[in-house]
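1. My questions are about this predicted structure, shown below with the sequence.
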There are 2 protein chains.
Amino acid sequence: MRRMTRQRAAIWDTLGQTDEFRSAQQLHDALGARGESIGLATVYRALQALAESEDVDVLRTADGENLFRRCARREHHHHLVCRSCGRTVEIDGPTVEAWAALVGENHGFRDIEHTIELFGTCETCVQA
Amino acid sequence: MRRMTRQRAAIWDTLGQTDEFRSAQQLHDALGARGESIGLATVYRALQALAESEDVDVLRTADGENLFRRCARREHHHHLVCRSCGRTVEIDGPTVEAWAALVGENHGFRDIEHTIELFGTCETCVQA
DNA sequence: GTTTGTGCAAATATTTTGCACTTGA
DNA sequence: TCAAGTGCAAAATATTTGCACAAAC
């Protein structure tokens, strides 16, 4: 079903080089800088596939851009992102998970899903 | 600073006609059906202004479209949206608010903001 | 060898913007 | 009057897709 190509290997590898979320464009640039010539459409297609198989996290910024990152953990989790430097912390929130499920049920909703992202300014950036 | 024009009045009025979230496009169509000829750009500009002054709620769908709705309540709150019929329930969550603030602080982040949306299938749609 | 992936360029879709013209206060 | 608002069409953004070609398995 899924073939390992030079392009996909390079994308996966590049994704592993940092912990930060990056856009398809940034990834494409990084690949170029690395000497890998890969079409932007291919990057999008690869990221889409990786997101689908949950091998990368997807984060939607306020201005509608998708950012991708190789997952550190496999389970469901959320993120706390520094709005200044982009540093990311992975969060797991039994509290909110429970809250979300409860609120949904209270209103007679089934199959609750939730989107939760936290944004703030990290310690380093506050000082700067 | 802010002038009341025929266009803005019509947009505001049309927003009040339903409780559902609608896109700029849908609003524009509804206005047309009503006999009001208003430029799409004007609709966008009006909605942007209304969102800024918090007179409408903005919801970002998974596919990156902005939906708007006249606020029922003034304060900060979240939504539970039916993925099938679009019915919306406004939620206020002291629990999550507190959780978000706490998580942020624990990681040394300041000025925490959060994005939280719940999606599910409502009772009516489950039966159907 | 056949099916899946790739590259390119063109297409989509949504939202924004420049600019000349209107209009509300 | 005259700053603020509007309309239109063009631009900007982010992502997707058609199709001919290349490459995994």
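-> Sure, I can see it. Predicted model, so just to flag it, every value in this text is computed and none were measured.
2. Can you spell out which helices and strands pack onto the longest strand along chain A?
-> Determined from DSSP state E, the single longest strand within chain A is strand A:110-121. If contacts are counted by 3 or more CB pairs under 8 Å, 6 or more residues apart in numbering or on different chains; DSSP states H and E, strand A:110-121 sits against strand A:78-82, helix A:94-106, helix B:94-106, strand B:110-121. For the C-beta atoms, the positions are set from N, CA and C on the backbone; glycine is no exception.
3. The shortest one relative to strand A:110-121, how many degrees between them?
-> In this structure, strand A:78-82 runs at an angle of 20 degrees to strand A:110-121, with axes from the mean of the first three to the mean of the last three CA atoms, to 10 degrees as the basis.
4. Need the contact partners of the helix or strand following strand A:78-82.
-> Per DSSP states H and E, the first helix or strand lying C-terminal to strand A:78-82 is strand A:88-91. Where contact means CB atoms under 8 Å, 6 or more residues apart in numbering or on different chains, the residues beyond strand A:88-91 that reach it are A:19-21, A:69, A:72-73, A:77-82, A:118, B:103, B:107.
5. how far does strand A:88-91 sit from the chain's center?
-> 11 Å (CA atoms, centre = their mean, to the nearest Å).
6. and residue A:73, what pLDDT?
-> You'll see residue A:73 listed with a pLDDT of 61.
7. for residue A:111, same thing?
-> For residue A:111, the model assigns a pLDDT of 87.
8. again with the one 5 residues further on
-> Reported pLDDT at residue A:116 in the predicted model: 84.
9. any idea how far DNA strand C is from it?
-> 21 Å (CB to the nearest atom of the strand, to the nearest Å).
10. who does that residue bridge with?
-> Beta bridges link residue A:116 to residue B:116, judged by DSSP bridges.
11. Please apply the same query to residue A:90.
-> With DSSP bridges as the rule, residue A:90 is bridged to residue A:79.
12. okay, now it: neighbour count?
-> 15 (other CB atoms under 10 Å in any protein chain shown).
13. mind giving me the domain ranges of chain A?
-> A:1-70, A:75-127 (the TED database).
14. Residue B:53: which of the ones you listed is closest?
-> Nearest to residue B:53, of all those, is domain A:1-70, at 17.7 Å by CB to CB.
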